[in-house]
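Chemist: coordinates for the following, if possible.
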Amino acid sequence: NSVYSYTGADIIVCTDYAYLTANYLLPGETGLWTVIEGAGTIVNPTNNYTQVTDLSYQENIFRWTITNGYCSSSSEIMVFNNYPDSIFLPDAGEDQVICYDYTILEANELLPGWEGYWSVAGGMAIIVSPTNTTTEVYNLSPGVNLFMWTILLPGFCSYYDYVMITNNSFNANAGPDQTLPQNDTDTYFEALLPPNSAGQWSIFAGSGNIEDLNSPISYVDNMPTGENIFTWTVINSSGCSDSDDVSIFVCDIYINAGPDQYICTDSVLLINQENAQWSLLSGCGTFVVNTTNNTTTVYDLCEGENEFLFTITENGCTAYDTMSIFNNSFEINAGFDETVSTETYQLNAEDPFPGTGIWSVLSGLGIFDNIAIFNTNVCGYIEGDNTYVWTVIRNGCTDYDEVTITYDPVSIDNLNNQNFNVYPNPTNGLITILSSTDLSGAIFEFTDISGQKVPYSFINETTNAFSIDLSNLAKGMYFLKIRIKGQTKMLRLVKK
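Modeler: Residues are numbered from 1 along each chain as shown. I've put the predicted structure just below:
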């Protein structure tokens, strides 16, 4: 009737329950599980395989006894329970709803020999001291952030708990800073207002009239010169608030390019000052800046109006002014020098319109029919050179030119009485002209039948013979006018 009891090896569990396993009962045998040390509720105490619950922390010893009549045998097994009492289970702390992106996590204390650590289970954050029960976390992501507190017990058992941190913080946005154009004192805010939120403007520095204190895009005016700072405070539906500032700079730069100028040259000295620059709007002008004496000179002005822009930039502000420079300078022409044999000669200067002109004698003699007419007649000159000055005043500017009339009463015979030999005429290209008189100093004018001047070139020119190349001209009739000492000869040439 001998019996044998066997419970196997001791076991370690991480819960407050375990399963006990002993050898099977033979016919005629009975078995019984009993608690020897620790605690536990045996579900089926007479069954070799049973669950035991409500284990006490750490060591619990159970005995399996087999009986057959008067014979019995016992064996014991230890169940080491690493599942702590509920007061020692991990507690990550109360869930939090906050209005900022940082907070303190506080878990329950660890027993000696235990280890613990924090980790991010949802969202984002930086944990300052992950292995401390109490630690700061920051840079929380907006909305829900989930943290897990895990404890490690001897025997490789681990337990964890979660804490949820809801970050309802946000960043208020008052919009971009503004620098208003010169002399502007009003604008619109460009702030943002999140959904289900309320905002309000206030003045931090400077002043201004805010049309709607609760509008993110309110109109604001009557701001003084300089920087004006406004604060935009927003409260969201969770009761969280944040503020942001916006700077609005009102510009007031004194700028004066100076009065328009009327000059008689093609250059002028302009005013200048620090942070200023000249540029061309219309007309002509080349700028030269002298940094030593802080001046700007503009050259190569066109005749008439030239408009310039004067720009000053200070503290992000820009101001403009314009100035026109009227270049009234001009060049007058008194006509061609001539040699005459007659006692009266009609001058042929440039018409002074819209100005006025006057003739005067520079050398020699001369009597003008009307000194104010550009093509007046002159007489009473002396034999030889007589130089006359044509002076014109136009738009406040003056210019003059000289013309010399050489009186030669014994000049050559009339050109019309001279012999000219022209050949070949008509011509395919080159034509030669021979004269019986000296043509030194003669003035030649070559025109087509409409009176338009056409270009020409002399070939093999001498004092009384010259050739003209007509090869580049179209077919037709042309005229060569020869003027010398107040006399004129007209020759007809034909290009075939």
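
Chemist: with adjacent residues omitted, what lies nearest to S129?
Modeler: Leaving aside its sequence neighbours, S129 sits nearest to T135 (CB to CB, 6 or more residues apart in numbering; 4.1 Å). For every residue, glycine as well, the C-beta is placed using N, CA and C.

Chemist: list the buried residues of the strand or helix carrying the one you found.
Modeler: Element membership for T135 (DSSP states H and E) is strand 134-138. For strand 134-138, a neighbour-count test (16 or more other CB atoms under 10 Å) marks T135, V137 as buried.

Chemist: go on, stretch 97-106?
Modeler: Result for stretch 97-106 [16+ other CB under 10 Å]: buried residues I98, C99, D101, Y102, T103, L105.

Chemist: any chance of those residues in CSV with distance to A172 as columns?
Modeler: Formatted as CSV, these follow (distance: CB to CB, whole Å):
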residue, distance to A172
I98, 17
C99, 12
D101, 14
Y102, 18
T103, 20
L105, 27
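
Chemist: closest one to S282 out of those, please.
Modeler: D101 (58.2 Å; CB to CB).

Chemist: and W201, how many neighbours does it have?
Modeler: 22 (other CB atoms under 10 Å).

Chemist: so it makes contact with F230?
Modeler: Yes - with contact defined as CB atoms under 8 Å, W201 counts as touching F230 (5.7 Å).

Chemist: what about T179, how many neighbours?
Modeler: Neighbours around T179, by other CB under 10 Å: 16.

Chemist: output the below-cut-off pLDDT ranges for the stretch 251-400 of the chain.
Modeler: Residue ranges of the stretch 251-400 of the chain with pLDDT under 70: 291-292.

Chemist: in it, which spans are strands?
Modeler: 261-263, 268-270, 276-282, 286-290, 295-299, 304-314, 317-327, 338-340, 344-346, 356-363, 367-368, 377-379, 384-394, 397-407 (DSSP state E, counting those that start in this stretch).

Chemist: distance from the shortest one to the middle of the chain?
Modeler: Read that as strand 367-368. In terms of CA atoms, centre = their mean, to the nearest Å, the centre of strand 367-368 is set 70 Å apart from its chain centre.

Chemist: strand partners (parallel or antiparallel) of that strand?
Modeler: strand 377-379 (antiparallel) (DSSP bridges).

Chemist: contacting residues around the residue lying closest to A276 once chain neighbours are set aside?
Modeler: Of all residues not flanking A276 in the chain, I312 sits nearest, at 4.7 Å (CB to CB, 6+ apart). Counting by CB atoms under 8 Å, 6 or more residues apart in numbering, I312 makes contact with I253, I255, Q273, N275, A276, Q277, T318, A319.

Chemist: ok, what's across the strand from I312?
Modeler: With DSSP bridges as the rule, I312 is bridged to A276, A319.

Chemist: quick one: it from Y254, how far?
Modeler: 8 Å (CB to CB, to the nearest Å).

Chemist: which residues are in contact with both of the two?
Modeler: The contact lists of I312 and Y254 share A319, where a contact means CB under 8 Å, 6+ apart.

Chemist: right, I'll call it a day here.
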